[in-house]
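Undergrad: Following is a predicted model, sequence given first.
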Amino acid sequence: MVSTKGKSLEGLLTEFRRFYPSTDFKNNAYITSEEIFKKAEKDPEGFWATYASELTWYKKWEKVLDWDPPHSKWFVGGEINVCYNCVDRHIKNGRRNKAAIIWEGEPGDTKTLTYWDLYREVNKFANVLKKLGVNKGDRVAIYMPMIPEAVIAMLACARIGAIHMAVFGGFSSEALRDRINDCKAKLLITADGGYRRGSLIPLKHDSDYAVKDTPSIENVLIIKRGEFPLRIKKGKDFWWHELADEVDPYCEPESMNSDDSLFILYTSGTTGKPKGVVHSTGGYLTGAYTTSKLIFDMKDQDVFWCTADIGWITGHSYIVYGPLAVGATLFMYEGAPDWPEMDRYWRIIDKYGITIFYTAPTAIRAFMKAGAELIAPYSLETLRLLGSVGEPINPEAWIWYYTNIGKKRCPIVDTWWQTETGMIMITTLPGYHTMKPGHSGFPFPGVSIDILNESGNPVEPDEGGYLVLKQPWPSMLKGIYGDEEKYLEKYWGKWGGKYYFTGDGARRDSEGYLMLLGRVDDVLSIAGHRIGTMEVESALVSHPSVAEAAVVGITHEITGQAIVAFIVLRDNIDKDFDLEDSIREHVSKKIGPIAKPRKVIFSSELPKTRSGKIMRRLLKDIAEGKVLGDTTTLTEPEVIDNLKKQYEVIES
Ligand code: PRX
């Protein structure tokens, strides 16, 4: 239902647009009134405790929150096991033969695991981990394609209290190696390979390169996905299916303290080195569970599909932990959205009867570009709720998503959150709020935000500022693995430890709707994934021909941002087309294909201030073809002219 104030849909891109959940949706939704916000505001701890109580605890907590800024401990004294809550609970509460995971591989093979199947697999997997010497507190790296065993591996770690550290399968072996070395993982779980866009991704082969230089890894456990060529190192590498036959079918879940670590997940920041964000057990699960249930309005009959990879936080919270804690049926797909055709997602939605679909704006924009004809053959009639995550969804894409995929019937939740927050923090609640395209919505109940100016004072309505979080929330990160100083500085340094700084800009309108304005630090958002400029620059300068590098993000119609690299070559190196390719490939090898610069611009110098700082703002203007800003502080103004000329040549 849409209020157009007399305008046609195409002409709606103004502040007048409002969309309402249908009466049918409202009548059946968990949250349909403001009451929950009032309750949570009055007593946030009581609010979170209510939802934590819906989980099964071995021992109830003595205190909901111990807040010793900037560290919070949730459900202090409580003991819980995350795997028990995601699996065992459901085989006892009537969901035993309900589908937990419905999976489709890229080649079209499928598999369904009931909660009972999942229980049996997870138990065996946990015993295999133990057999390989993994103990409570040990770190386990997971480098997997999107197959059910990835979820099973995570749950098995949680069952025995090992801390998993998943690495996106699209990352390079060097990225895997660095993450393993940072957290000193003992075991690496991988697969022989996976399918992506019709190609085989040789994960075990790539792992071999990483593991050469990771002294902490004692064993590699391999899942068999297909017939992928690989080398087995006797005594070190083991097949999961072979060990599975040798272990007991049951593994007692470990009773964990609520504040014990559940997982580490690396994310990009403003430095060259990704940060290991550490999440807790009881608090994290409470956050993932509550938000899954209330924001996605997850019911027993739903089939929930989150298109993220389990290597990202979205995969952790909204493929694995949130939906399984709720007891939902989740759908998982291995491959690319455009394989073999750009209609793969719609085909899947109709085939499996997906009811809730959660994806990223970059995908939505790619579908828009491909054209609505590709959707025409599909009914999409089972859908009842849509979600968006990872970057701001521009109103045009929002309307397209609402009209073409949701058929003007499904509310859209535009969910803002981060690896560090562990759960969705800003959104609308689909059965209650009116939606405003381009605006994420409101803080989730129990979440307290503000928007500040540079001096730390709240800004006026409609004024942009820095988005901060004022109060702790249950799935708040515990810290940065092995780097307390960075934790304090990056998140709490800006205003003397008073607020958690998100790194994002935001604006709140007079009705309280929040609009996210993107990163305000040196972090790029490529197809909704965070990449630090420093990370790419470090990779670039490690190329033997590169002396200096600066990277900027430019606006891109599909991926949100694209990377442009400005390069100064070492003396006596000639630039040619091969060199540009070799530099781009080098970054891909160091980090992964998503970090590959779209353009490389060679220069004899980079524009710098008199104090020697690279003027990224100018580079961004050049890369975006804009009129240049102030160049008065530049040491050599002609550097800019030369760069501009070169850029024009590349563009033409
Ligand atoms: O800039 C915000 C953007 O993604 C960042 C977090 O990235 P990451 O930790 O990789 O987690 C992504 C998935 C949760 C944020 O700081 N972001 C995420 N969701 C939105 C968003 N920007 C605008 N609107 C969103 N809905």
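TA: Yep, that arrived. Note that the structure is a prediction, hence the values are computed from the model and not measured.
Undergrad: Let me know the secondary structure of Glu41.
TA: Under the three-state scheme (DSSP: H, G, I helix; E, B strand; the rest coil), Glu41 adopts helix.
Undergrad: Please name the nearest non-neighbouring residue to Gly505.
TA: Closest residue to Gly505 apart from its sequence neighbours, by Cβ to Cβ, 6 or more residues apart in numbering: Leu517 at 3.7 Å. In short, each C-beta sits where N, CA and C put it, glycine included.
Undergrad: Which element is encountered next along the chain beyond the host helix or strand of that neighbour?
TA: Secondary-structure assignment from DSSP states H and E places Leu517 in strand 514-519. Toward the C-terminal end, the helix or strand that comes next after strand 514-519 (DSSP H and E) is strand 523-526.
Undergrad: which outside residues touch that following strand?
TA: 268-270, 390-391, 503, 518-519, 530-533, 536, 551, 553, 559-563, 594-595 (Cβ atoms under 8 Å, 6 or more residues apart in numbering).
Undergrad: can you check stretch 198-211 too?
TA: Taking Cβ under 8 Å, 6+ apart as the criterion, the residues outside stretch 198-211 that touch it are 106, 143-145, 169-170, 172-174, 176-177, 180, 188, 190-195, 217, 220, 222, 226, 228-231, 233, 237, 339-340.
Undergrad: and those residues, which are buried?
TA: Neighbour counting with 16 or more other Cβ atoms under 10 Å marks 106, 143-145, 169-170, 172-174, 176-177, 180, 188, 190-195, 217, 220, 222, 228, 230, 237, 339 as buried within the contacts of stretch 198-211.
Undergrad: Please flag which of those residues sit within helices.
TA: Applying DSSP state H to the buried ones among the contacts of stretch 198-211, the entries found in helices are Ser173, Glu174, Leu176, Arg177, Ile180.
Undergrad: Distance check, Phe296 against the ligand.
TA: Applying Cβ to the nearest ligand atom, to the nearest Å, the value for Phe296 to the ligand is 14 Å.
Undergrad: what sits against the residue lying closest to that residue once chain neighbours are set aside?
TA: Spatial nearest neighbour of Phe296, excluding adjacent residues (Cβ to Cβ, 6+ apart): Ile356 at 5.3 Å. Remark: with contacts taken as Cβ under 8 Å, 6+ apart, Ile356 is in contact with Phe296, Asp297, Met298, Asp302, Val303, Phe304, Trp305, Leu383, Arg384, Leu385, Leu386, Gly387.
Undergrad: So which of the buried ones among the contacts of stretch 198-211 are in strands?
TA: Using DSSP state E, the members of the buried ones among the contacts of stretch 198-211 that fall within strands are Tyr143, Leu188, Thr190, Ala191, Gly194, Tyr195, Val220, Ile222, Asp237.
Undergrad: could those residues be laid out in TSV, adding distance to the ligand and pLDDT?
TA: TSV is the format used below for those (distance: Cβ to the nearest ligand atom, whole Å; pLDDT from 0 to 100):
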residue	distance to the ligand	pLDDT
Tyr143	18	98
Leu188	23	98
Thr190	22	98
Ala191	23	98
Gly194	21	97
Tyr195	24	96
Val220	27	98
Ile222	28	98
Asp237	31	98
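Undergrad: And the residues you listed, which two are furthest apart?
TA: With distance counted by Cβ to Cβ, no two of these lie farther apart than Tyr195 and Asp237, which are 21.6 Å apart.
Undergrad: Go through the ones in helices among the buried ones among the contacts of stretch 198-211 and say which is closest to the ligand.
TA: Top of the list for closeness to the ligand, among these and by Cβ to the nearest ligand atom, is Leu176 at 17.7 Å.
Undergrad: hmm, which helix or strand of the protein has the shakiest average pLDDT?
TA: strand 2-3 (a mean of 40; mean pLDDT, DSSP states H and E).
Undergrad: what helices or strands is the following helix or strand past that strand leaning on?
TA: Along the chain past strand 2-3, the next helix or strand (assigned with DSSP H and E) turns out to be strand 18-19. Under the contact definition 3 or more Cβ pairs under 8 Å, 6 or more residues apart in numbering; DSSP states H and E, strand 18-19 sits against strand 2-3.
Undergrad: Check the burial of His198 by counting its neighbours.
TA: That one is not His; residue 198 is Gly. Other residues within reach of Gly198, judged by other Cβ atoms under 10 Å, total 11.
Undergrad: I'd like the distance between it and the ligand.
TA: Using Cβ to the nearest ligand atom, we find Gly198 at a distance of 27 Å from the ligand.
Undergrad: cool, Tyr250 as well?
TA: As defined by Cβ to the nearest ligand atom, Tyr250 lies at a distance of 35 Å from the ligand.
Undergrad: how many neighbours does the residue nearest to that residue when sequence neighbours are not counted have?
TA: Of all residues not flanking Tyr250 in the chain, Asn123 sits nearest, at 5.2 Å (Cβ to Cβ, 6+ apart). Neighbours of Asn123 under the rule other Cβ under 10 Å: 24.
Undergrad: Remind me which helix or strand Asn123 belongs to.
TA: helix 115-131.
Undergrad: related to what we said a few turns ago, among the contacts of strand 523-526, which are in strands?
TA: Of the positions in the contacts of strand 523-526, Gly503, Gly518, Arg519, Arg530, Ile531, Gly532, Val551, Gly553, Gly560, Gln561, Ala562, Ile563 sit in strands, assigned by DSSP E.
Undergrad: who's in contact with Gly327?
TA: Shown here is Gly327, whose contacts under the criterion Cβ under 8 Å, 6+ apart are Arg89, His90, Asn93, Arg95, Lys98, Tyr115, Asp300.
Undergrad: The same query, at a cut-off of 10 Å, please.
TA: 85-87, 89-90, 93-95, 98, 100, 115, 293, 298-300 (Cβ atoms under 10 Å, 6 or more residues apart in numbering).
Undergrad: any idea how far the ligand is from it?
TA: 23 Å.
Undergrad: still on that earlier bit, compare the contacts of Gly327 and tell me which is most surrounded.
TA: Across these, neighbour numbers were computed from other Cβ under 10 Å; Cys86 holds the maximum, 31 neighbours.
Undergrad: Please look at that one and Ser317 and confirm they touch.
TA: No. Counting by Cβ atoms under 10 Å, Cys86 does not reach Ser317; the two are 12.0 Å apart.
Undergrad: shared neighbours of the two, anything?
TA: In the contact map built from Cβ under 10 Å, 6+ apart, the residues linked to both Cys86 and Ser317 are Leu285, Ala288, Tyr289, Pro323, Ala325.
Undergrad: With respect to Ser33, which of those residues is nearest?
TA: Where the shared contacts of Cys86 and Ser317 are concerned, and distances follow Cβ to Cβ, Ser33 has its nearest neighbour in Tyr289, at 21.3 Å.
Undergrad: name the element the residue nearest to the closest one when sequence neighbours are not counted belongs to?
TA: Using Cβ to Cβ, 6+ apart and skipping the chain neighbours, the partner closest in space to Tyr289 is Ala325 (4.1 Å). For Ala325, the element it lies in under DSSP H and E is helix 322-326.
Undergrad: Likewise for Arg507?
TA: strand 500-508.
Undergrad: So which residues on this protein come close to the ligand?
TA: Within the chain, the positions lying close to the ligand (Cβ under 6 Å from any ligand atom) are 267, 313-314, 389-392, 414-419, 440, 502-504, 516, 519, 525, 529-530.
Undergrad: Tyr352 is in contact with Thr110, isn't it?
TA: Yes. The pair Tyr352 and Thr110 passes the contact test of Cβ under 10 Å, sitting 8.7 Å apart.
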